[in-house]
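Chemist: sequence isn't available, so here's the structure alone:
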């Protein structure tokens, strides 16, 4: 195990996979000479050359389409979105071509593409660049959607995504790139897609959260421990396919659930998770499932308002107390 | 080919379990749709249960003398070569074996596929609509016909749950729903705790797991020891098990008295002329004998037509006003009170009312009422006149909006001008649901009843 940043873990995953498989190549804006807007592709151009690290014009739909075409004929492209908000420009390519090609060609073509880049609220990136973009993708049959919360997951899941024969949407976070953690150096270390992980064991309530919200839930759990509330935290890691089994297993143990998501709540990830908990674990619930979500508003630029829009540790703690029928101490 | 599930029928609104008195067919008998399979004791009457499908009575799951929750599988009718094993393994054990969960692995579909009950009674203007309607079978006549697959599900305990718990039945009565978390219900069912007696500590009084756990760990009452005093022998008290009727009353009355805001209006009625008329009518050859209560029923039926606001049910966001007078007539039995229903009293003559109410009362005492005669009243009358009671107040039987309590006809001194003479007087007290009506409405209704009884020829026209 080595300790490295989330950014370095992604870089390591790319390098290992490019070494392992000559069909893997990186394409996107500023991925080569500039080494990536967030330096995820640092050193790759030098190591693998311009045929495998391709700088493109500012044209998301175009270079995503290039990636899909390359994948259809046997390559394994990793397409970088400078921020995932820009993927809106390539939505038709991702939704209508990448996701459906295998189905519509009757299995003649599969599209082993990874589309990766940062998404979700960061620090004062304002309304257009702070969106929780996963909601646009996990609805689409044919796409896998990954949101890795730790450096180890970033490496293990990116490698699994590159090796997967289906299109994978892999959304990182600006706020996590500098987070450090232990990462296995074994080039064969992968984390299978579709497996959730229990980040913290607890007795009284299951909190489902990923990315920045997972860290906030961990802080809430530490504080609530002092109030005698034991919080279990489950990180789904892959949103689609969702590992409902791990979440349901945890709820069967704790009998209560709180789902946290950074984006707005309406028809969000929390709605889906709350629904399947209700469907599969109704008789185990001692309280209604609570959702803690971002406010239903565009992300404000002002720092104070940005903080107010996004779920805080305090709001997570309040929701946990409510489902535990605990008075505020 | 077709497998017919025989389930414990729901024969009255309040019924949540029933007892098989005896089976009239035995396993292996061939039955036709309409054959009488068994006699069922409900909370109010003994009712014959007919087969709703043809075939061989393959399996009896609830033996004579055992109880089962409404909607639970009690027998299976099928052809000899049909596989009924999965059906039977999903069935709940009879309540006499309650306390022990059924050992079978529960097929997830087994409970949800279970048809609820046979003649569930939808509220309807038309009493005929309360009868089960035959449903056509896709397999041809007789095959599984008339088995109802109601979408409304009684929350009958699942196969892994002891059946004894009345908890899961979370009575669908007005104001009677017990709010409990799903987990609390499960734990209560496992431990045999009646959720109706558990105090909920969650939001809005929701019963949560810790409430059920607290209820089960509460210390049991210490057994009382009879103290021997000189001249006093024998036990100090005895605990009599509740009869089915008493248990139903005990369950239902708090659902009326607590949530329904009662008010009472009392009026005295001069019964001299009604008394004289009754004597005259009863002296007629071959005419039915008329009781004072029959006069009261007739007077109420006519008055209810004029004051439909009293003939009304509270429904949360609306009031259902009935245009027909289905009158419940309280009949006292040793085991408790039963209120069979005399339908469409507004359209019946005094003689008809006399004949039918006598028949109803006799069959109530013989416990031979039919299911539809036990529910659907829009108004009730309780008469304690035969016990020499001057006046009393009754508790409303929801969803009805009012009940009339009738005292004895007494001979009392009355002022007649400046003279004191002897007259016959009767006290009437109406209990009204204040959510449905106000004092003046109750008073006006009572005034009309009084007028009918004091000018009794009106009852004949």
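Modeler: That came through, no problem. A quick note: this is a predicted structure, and the numbers were derived from the prediction, not measured.
Chemist: walking through the chain, point out its helices one by one.
Modeler: Looking at chain A here, since you left the chain open. A:6-20, A:44-48, A:60-72, A:91-92, A:101-104, A:134-137, A:151-163, A:212-226, A:244-254, A:269-281, A:303-309, A:313-323 (DSSP state H).
Chemist: oops, wrong one, chain B.
Modeler: Counting by DSSP H, the helices of chain B are B:85-89, B:108-112, B:182-191, B:209-217, B:244-257, B:272-282, B:292-306, B:350-365, B:439-454.
Chemist: buried stuff in the third one?
Modeler: Taking 16 or more other C-beta atoms under 10 Å in any protein chain shown as the basis for neighbour counts, the residues of helix B:182-191 that come out buried are B:182-190. For the C-beta atoms, the positions are set from N, CA and C on the backbone; glycine is no exception.
Chemist: next one, pLDDT for the residue nearest to residue B:411 when sequence neighbours are not counted please.
Modeler: Nearest non-adjacent residue to residue B:411, counting by C-beta to C-beta, 6 or more residues apart in numbering or on different chains: residue B:422, 5.4 Å away. Looking at residue B:422, its pLDDT reads 93.
Chemist: quick one, phi psi at residue B:307?
Modeler: phi -130, psi 70 (degrees, to the nearest 10).
Chemist: surely it touches residue B:447?
Modeler: No. The pair residue B:307 / residue B:447 is not scored as a contact, 9.4 Å apart, by C-beta atoms under 8 Å.
Chemist: can you report how many residues neighbour residue A:234?
Modeler: 27 (other C-beta atoms under 10 Å in any protein chain shown).
Chemist: quick check: it vs chain B, distance?
Modeler: Residue A:234 sits 19 Å away from chain B, going by C-beta to the nearest C-beta, to the nearest Å.
Chemist: what's opposite that residue in the beta bridge?
Modeler: residue A:198, residue A:208 (DSSP bridges).
Chemist: now do the contacts for residue A:2.
Modeler: With contact taken as C-beta atoms under 8 Å, 6 or more residues apart in numbering or on different chains, residue A:2 is in contact with A:182-183, A:185.
Chemist: ditto for residue A:164
Modeler: Contacts for residue A:164 (C-beta under 8 Å, 6+ apart) come out as A:112, A:114, A:144, A:193.
Chemist: tell me the one among those nearest to residue A:32.
Modeler: Lowest distance from residue A:32 to the contacts of residue A:164 (C-beta to C-beta) belongs to residue A:114, with 17.3 Å.
Chemist: out of the helices and strands in chain B, which is least certain?
Modeler: helix B:108-112 (a mean of 38; mean pLDDT, DSSP states H and E).
Chemist: give me the most central residue, chain A.
Modeler: residue A:147 (1.2 Å; C-alpha atoms, centre = their mean).
Chemist: among the helices of chain A, which is the most enclosed?
Modeler: Neighbour counts (mean count of other C-beta atoms under 10 Å in any protein chain shown) averaged over each of those peak at helix A:151-163, with a mean of 25.
Chemist: quick one: which of residue B:307 and residue B:447 has more around it?
Modeler: Each of residue B:307 and residue B:447 has its neighbours counted (other C-beta under 10 Å); residue B:307 has more, 21 against 14.
Chemist: what sits against that one?
Modeler: B:441, B:444-445, B:448 are the contacts of residue B:307 under C-beta under 8 Å, 6+ apart.
Chemist: direction included, what does the longest strand seen in chain A pair against?
Modeler: Using DSSP state E to define each element, chain A has its longest strand at strand A:257-264. Paired neighbours of strand A:257-264 in the sheet (DSSP bridges): strand A:205-208 (parallel), strand A:290-294 (parallel).
Chemist: next, the angle helix A:313-323 makes with the last one.
Modeler: Right, strand A:290-294. 160 degrees (axes from the mean of the first three to the mean of the last three C-alpha atoms, to 10 degrees).
Chemist: look at the closest residue to residue B:364 other than its chain neighbours and report its pLDDT.
Modeler: In this structure, residue B:364 finds its nearest non-sequential neighbour in residue B:331, 4.5 Å apart by C-beta to C-beta, 6+ apart. Residue B:331 carries a pLDDT score of 86 in this model.
Chemist: if I look at residue B:331, how far off is chain A?
Modeler: Residue B:331 is 42 Å from chain A, where distance means C-beta to the nearest C-beta.
Chemist: return the distance of that residue relative to residue B:383.
Modeler: Distance, residue B:331 to residue B:383, by C-beta to C-beta, to the nearest Å: 10 Å.
Chemist: excluding its backbone neighbours, what's nearest the closest residue to chain A within chain B?
Modeler: Proximity of chain B to chain A (C-beta to the nearest C-beta) peaks at residue B:183, 4.1 Å away. Once flanking residues are discounted, residue B:183 sits nearest to residue A:286: 4.1 Å by C-beta to C-beta, 6+ apart.
Chemist: how about that neighbour, phi and psi?
Modeler: According to degrees, to the nearest 10, the main-chain angles of residue A:286 amount to phi -100, psi 0.
Chemist: could you dump the helices of chain B to JSON lines with distance to residue B:403?
Modeler: Converted to JSON lines, the helices of chain B look like this (distance: least, C-beta to C-beta, whole Å):
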{"stretch": "helix B:85-89", "distance to residue B:403": "44"}
{"stretch": "helix B:108-112", "distance to residue B:403": "38"}
{"stretch": "helix B:182-191", "distance to residue B:403": "33"}
{"stretch": "helix B:209-217", "distance to residue B:403": "34"}
{"stretch": "helix B:244-257", "distance to residue B:403": "9"}
{"stretch": "helix B:272-282", "distance to residue B:403": "21"}
{"stretch": "helix B:292-306", "distance to residue B:403": "10"}
{"stretch": "helix B:350-365", "distance to residue B:403": "16"}
{"stretch": "helix B:439-454", "distance to residue B:403": "11"}
